[in-house]
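> predicted model follows, preceded by the sequence.
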Amino acid sequence: MVTKKISTITPAEFVRIFLQTAASDADGVYEASDAQLQDPPTNPFAGLPETDSEEEMSEAILKAKSLNESGLCPDHVFAVTRHNGDKSEGSDRAIDLGMYPLDPPQNLGTADEGKFLRTDWSTIEVGIECKMNSSEHDPFDESHDGDEFDAISRRKVLDRLLSELELIAQHQQRTFQYMVLFLGAFARILRADQSGIFVTDKFDYRGEDGLILAGFFRSLGRASPARRGFDSTATRVSPRSAEGKEMLRKGRDVGEDDYVKQMFSDSLDLHWPWWKLEVPDETAINSAPARPAAAPHPGETRSYLVGKPYFQASGVIGRFTRGYVALDVTDPGRPVQFVFLKDAWHIVSDDIEKEGYVLETLKENKVNFTPTVLCHGDITGQRSISQDHWPKYHQGCELKTHQHYRLVVKEVCKPLDQFRNGSQLALAMWCCLKAHSQAYKLGIIHRDISAGNILLYRTEDGHWQGMLNDWEMSITRAQQELEGRQAGRVGTWQFLSVNALNCPGKKIVIEDELESFFHVLLYMAVRLLHHNIDDRDVPHFLRTYFDDYTPLVFGNACGTLKESAMRMGEVCWFLKKDHGDNVSRRGRLMFISPLTDDTFPLGQSGQAGSGSSSLQPVAEPKQPHDCVTRSQPSGGGREPSSSMSPTAPAPNYYHPLNYIFKTILSWFKAYYTLQYSSPKKPAVNRNVQPRVINDYARRIQALEEEEEVSPSPCLDAEDSESSSSPAEDDAVTDRKNRRALKKNAKNLRSHKPILQLFKHALNNPSWPVADRYPDRKPGKDGKPAGNRVSKQSTLVMRSKRPASAVDDLEPPSKRFKRIRRL
């Protein structure tokens, strides 16, 4: 929760901890000079007049005894920027006041008596907010009971402060930030880094304590950029400079199929800052055969040019991951190489290996469908410090240490939500399941399977395949056994298993990981494929299934819809209305194959390369178990419905995804049924030989270096158990039914069955070529986003939130209803 990482201390302690003693640029600790910390002779804020509005207040503070002429910050200027927002920020957000460098970029505008034309999040050094009421608008007032600030006005102020800190962090390369909050006649100073936020107690800046604020500005204005919180390994690049012109040149003449160059070109936003980033190299693989040809030598520091981040995590505290399509400029004589650069603040822990080392281990052991490391390393001297001072004020409570880290990999991938059709989605899932399987055999478990970590990558021969990304939270199974229970949830809330959500300290096991894969498949399929849920209801379904939670005494648990799907073996929702029927019925989710390409409007890239203007009717499966049949299922009111007119053809439910969903859900139904009754015992699987029919199935055989002779584990749900509730006593006491449950549940104890299931399904001739549908991901207004394909977030709304190892992970829906998370 937000308040768990915010602490208030006295102004004197704040000055002593963060101003008199500060981390040096490289290592060790040094004392700031007396000249920098000497209090100014007078308080420039003394005698400020009473004001009637926040606008008047900001103007009065700016003109306080000529604040810009007082000499406190000779290389900076204070400006009122509340009137116009930054062009680069879509919501046009502005901040009341700001401390800017004396020579801001030319595109900021001109200064007129301390007023800038607009806020510039890329150059502001200290954000300043003004509020009139020192009680109602103070989000850090600890005189109220409870762990959180319940007053709506306080929550709004805190939300605004966190939003402004986030905008500054997103537009700049910072290691920490300061902010000042004026509250009527009082003020607070904030310091935020990746571990936590420290805030001073309220002090009267118009009285003697005003010297504290004046001394803060005086010390900060004379400090080095590193001591002001700037990353010394990042250099701003102007589009007019030689490097900027080179970036523009490399981004021109984009070919139709050159998605990597297109991504780099899209990042060259003239309203967003460009950077030259340094990356140290800690690669441990020195052997020539194992080391990629483009990889630098260990110990080198390489330089990369980047524009606007392709992906940027939300929040202020935590890993704050950013991803860039980057241009390697270390060796000017080498050919152009686009790479992917990940910038993050990883958790410092003996139990968590750096992601670069994990990827090296995977490649060294020939684990397929994982990124290839070029270089990676910690940024020297850039580590959070809030955790070092936290125990003094919060006994028995610790914050995690975060270290700045960069990783460069060879492969530049696309997000999973840009798949062309359902069969390509299934192939990507198979690839990532294969990577997970091979890593698992090495004793490595991923622990963060999510929609954002399953990517699409085009090989040199032009084939698309899946790529399992972001191994930062991975851990060895041996280490996990030694640790026992975890201290908190690990992963991304929307895609965690039911067990992981209901038991925060539970160790992540293979069943949890396979369930996360299923949730990713469901999320993408419901968003972007054709099915029997009304389009207008899809945003509500996505929020209810993936974001929802159940509040309990010990904390928040899994939402009811996800848990019901796993325990009942069906994903049920209100379906489209029948012909002439005005009543929506609740029934089982099923996917629909289009009879022609104009059966429904296609989303982007819906044709998957098909040159014909229409598609032939989808062939019916030759074996009845290949797809769900058209006959109406048992249980009145559960049959799929259609919103088509009475003259339109009936929906074609012969989509192979129905076979995949029905089979996997039957496994999880058996797994949870047995879990809530008694422990499982091993059972024997059956052998079913696959057929090779379509291109994606052939692609699997080409990708497999050695396919194990493995059974197809598929038991039909109706063959394995009755349609009654799994909680009923007769469902667990009947010996014949129990044997079937054990046989089904055993399919989740290894990767072989689910890999064989996807391979078997991809052999099905019923895959439609053009089954992609317009995106129904919720927009900011809660309505479907339409044809837009998100380039940055593949999650519901702003809900992607990977947990930090032992973090207090909260459901997104709860965070939305309360206050913005850190």
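Received it, and whenever you're ready, just let me know what you need. Residues are numbered from 1 along each chain as shown.
> show me what the residue nearest to Lys414 when sequence neighbours are not counted is bridged to.
In space, not counting the residues next to it along the chain, Lys414 is nearest to Leu456; the distance is 4.5 Å by Cβ to Cβ, 6 or more residues apart in numbering. Placement of C-beta: from N, CA and C, glycine included. Note on Leu456: beta-bridge partners by DSSP bridges are Lys414, Gly466.
> ok, Leu456 - contacts?
For Leu456, the residues meeting the contact criterion (Cβ atoms under 8 Å, 6 or more residues apart in numbering) are 413-416, 418-419, 424, 428, 464-467.
> need those in a markdown table with pLDDT, can you?
Below are these laid out as a markdown table (pLDDT from 0 to 100):
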| residue | pLDDT |
| --- | --- |
| Cys413 | 96 |
| Lys414 | 95 |
| Pro415 | 95 |
| Leu416 | 97 |
| Gln418 | 95 |
| Phe419 | 97 |
| Gln424 | 97 |
| Ala428 | 98 |
| Trp464 | 96 |
| Gln465 | 97 |
| Gly466 | 97 |
| Met467 | 98 |
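> between those residues, which is nearest Leu399?
Sorting the contacts of Leu456 by distance to Leu399 puts Pro415 at the head of the list, at 31.4 Å, by Cβ to Cβ.
> in the stretch 351-500 of the chain, which spans are strands?
In the stretch 351-500 of the chain, the strands defined using DSSP state E, counting those that start in this stretch lie at 373-383, 402-409, 414-415, 444-445, 454-458, 464-468, 475-476.
> how about these, which one is nearest Ser224?
strand 373-383 (12.1 Å).
> residues of that closest one that come out buried?
Taking 16 or more other Cβ atoms under 10 Å as the neighbour-count basis, strand 373-383 is seen to contain the buried residues 373-379, 381-383.
> tell me the one of those nearest Ile124?
When the buried residues of strand 373-383 are compared against Ile124 (criterion: Cβ to Cβ), the nearest one is Gln382, at 20.5 Å.
> pLDDT wise, what is the closest one at?
With respect to pLDDT, Gln382 has a value of 96.
> Arg585 too?
Looking at Arg585, the pLDDT reads 75.
> that one and Leu575 touch, don't they?
Yes. In this structure Arg585 lies within contact range of Leu575 using Cβ atoms under 8 Å: 5.6 Å.
> for those two, indicate the residue with more neighbours.
A side-by-side neighbour count of Arg585 and Leu575, using other Cβ atoms under 10 Å, places Leu575 first with 25 against 16.
> and the gap between the more buried one and Glu208?
Relative to Glu208, Leu575 is positioned 70 Å away (criterion: Cβ to Cβ, to the nearest Å).
> cool, and Leu748?
68 Å.
> before we move on, what about Phe419?
Using Cβ to Cβ, one gets 64 Å for the distance from Phe419 to Glu208.
> again, but for Lys742
With Cβ to Cβ as the criterion, Lys742 and Glu208 are 76 Å apart.
> among these two, which residue is more densely surrounded?
A direct count of neighbours by other Cβ under 10 Å for Lys742 and Glu208 places Lys742 higher, at 18 against 11.
> surely the more buried one and Trp667 touch.
No. Between Lys742 and Trp667 there is no contact under Cβ under 8 Å: 11.3 Å.
> and stretch 118-131, end to end?
20 Å (Cα to Cα, to the nearest Å).
> doesn't Ser224 lie inside a helix?
No. Looking at Ser224 with DSSP: H, G, I helix; E, B strand; the rest coil, it is coil, so not inside a helix.
> burial count for it?
11.
> quick check on it: phi, psi?
Comment: the main-chain dihedrals of Ser224 come out as phi -70, psi 160, following degrees, to the nearest 10.
> show the pLDDT at it.
Note on Ser224: pLDDT of 91.
> now do Asp150
The predicted local confidence for Asp150 comes out at a pLDDT of 55.
> what segments of the stretch 51-200 of the chain are strands?
Under the criterion DSSP E, counting those that start in this stretch, the stretch 51-200 of the chain contains strands at 76-80, 97-101, 126-131, 177-183, 186-192, 197-200.
> I'd like to know which of these is closest to Asp548.
Of all the strands of the stretch 51-200 of the chain, it is strand 197-200 that lies closest to Asp548, at 28.7 Å by Cβ to Cβ.
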